[in-house]
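K.L.:
Here is the input, now give the coordinates:
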Amino acid sequence: MSEDAMLPGEFADLERFASTWCLPSQAERHAQRVNSAMQDLEDFYETILPRMDAIAEYLNPFPLDELDAAARNLLNLSLSFIEVSLAVELFHAPDDSRGLPHGRYQIIESLTD
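P.N.:
Below is the predicted model:
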C-alpha cells in the first residue's frame, strides 16, 4: 500500500473512488449519491460490482472493531456501493423522484442520535 493509498493494496484499482466514496456515515453516503451525476454513479457501480466478492472475502475475517484504517475505508466503500446500487438498479437516477426530496428526512445512524 502506498503512503497516500486509502485502501488495502489488493484494491489499488479502486483507489480512484476512495476520496469520494469512503464515507463513514449513511447520511454522507446518501448525500454523495443524490449530489452525484448519474454517469459517475454508473462508473462507480460498474467498477465495484465485479470486486464485491473479493471485498467481502477480504473483510470477513476481521471483527468490525478490529479493522485498520484501510480496511475500514474498504468497508465504507462497499457500503457506498450499496447506496449507489439503489440509484443504478432501481431509481435510474441519483435520487428517487417518487419519494420525499432528499432534504425532507433525517437519516438516524443509531438509536442514540
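K.L.:
Show me the residue at the heart of the protein, geometrically.
P.N.:
Ser80 (1.5 Å; Cα atoms, centre = their mean).
K.L.:
That one contacts Cys22, doesn't it?
P.N.:
Yes. Here Ser80 reaches Cys22: they are 7.4 Å apart, a contact under Cβ atoms under 8 Å. C-beta here means a position set from N, CA and C on the backbone, and glycine is covered the same way.
K.L.:
Helix, strand, or coil at Glu109?
P.N.:
On the three-state scheme (DSSP: H, G, I helix; E, B strand; the rest coil), Glu109 is labelled coil.
K.L.:
hang on, the earlier thing: which residue packs closest to the residue nearest to the centre of the chain, ignoring adjacent ones?
P.N.:
Leaving out its chain neighbours, the residue that sits closest to Ser80 by Cβ to Cβ, 6 or more residues apart in numbering is Trp21, at 4.0 Å.
K.L.:
Over to that neighbour: give its phi and psi.
P.N.:
phi -110, psi -10 (degrees, to the nearest 10).
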